[in-house]
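A.B. asks: Provided below for reference: sequence and predicted model.
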Amino acid sequence: MKVVDNFLPEEDFKLAQTLILDYGFPWMWNDSVTKEVGKADPSEFQFVHKFYDPLSGVTTDYPRWKDIIKPFADYMNPVSLMRIKANLNVATKEHITREFHTDFAVKCTTAVAYMNNNNGYTLFEDGTKVQSKENRVVIFDSQMRHAGIPCTDEKRRVVINFNFI
């Protein structure tokens, strides 16, 4: 696992952040934070924007997606992109530990880019916590089980997940 602060030059990050946090950015309702849909817990939801997901045939039609994604992808320098999606978790009254999961069944690399400052975090099954800090990226083996923990101090926690080889 590698944590990189100030991952992008400030100008590139601020443009990406402004676009993804804008009130006009298109978010889609997702009835589950992990793959298990239909849980009774009413807080078990999130908003998602799939930029690229060839397995489900999705490519974003958001006109400025390259302004958000390209700077990150250029620095990650992937051989092949498998999926790129943004997650927006609304604040909860207390930190809720979500279900641990892996992003992909096949071995690849996952990078989580934190788009805003808040007290939420990514929790790994071994107990490691990576705090949500804008322009921070954590890079890890996609087989590492992890959970996104929502914030309690801001309205939302926004991350972009990159899965690549």
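C.D. replies: Here it is on my side, so go on.

A.B. asks: residue ranges of the helices in the chain, please?
C.D. replies: For the chain, the helices defined by DSSP state H cover 10-20, 65-76.

A.B. asks: Buried residues of the longest one, list them for me.
C.D. replies: Along helix 65-76, these residues count as buried under the neighbour rule (16 or more other C-beta atoms under 10 Å): W65, I68, I69, P71, F72, A73, M76. All C-beta atoms are positioned from the backbone trio N, CA, C, and that covers glycine.

A.B. asks: Now F13. Nearest residue, chain neighbours left out?
C.D. replies: N135 (4.6 Å; C-beta to C-beta, 6 or more residues apart in numbering).

A.B. asks: tell me the contacts of that neighbour?
C.D. replies: Counting by C-beta atoms under 8 Å, 6 or more residues apart in numbering, N135 makes contact with D5, N6, F7, L8, E10, F13, Q17, Y114.

A.B. asks: Neighbour-wise, give me the winner out of these.
C.D. replies: Counting neighbours by other C-beta atoms under 10 Å, Y114 leads those with 25 neighbours.

A.B. asks: Could you tell me the model confidence score at that residue?
C.D. replies: Looking at Y114, its pLDDT stands at 99.

A.B. asks: Then P54?
C.D. replies: 91.

A.B. asks: got it, and F104?
C.D. replies: As predicted, F104 sits at a pLDDT of 85.

A.B. asks: can I get the helices of the chain in a markdown table with distance to E125 and mean pLDDT?
C.D. replies: Shown next, in a markdown table, are the helices of the chain (distance: least, C-beta to C-beta, whole Å; pLDDT from 0 to 100):
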| stretch | distance to E125 | mean pLDDT |
| --- | --- | --- |
| helix 10-20 | 28 | 98 |
| helix 65-76 | 24 | 95 |
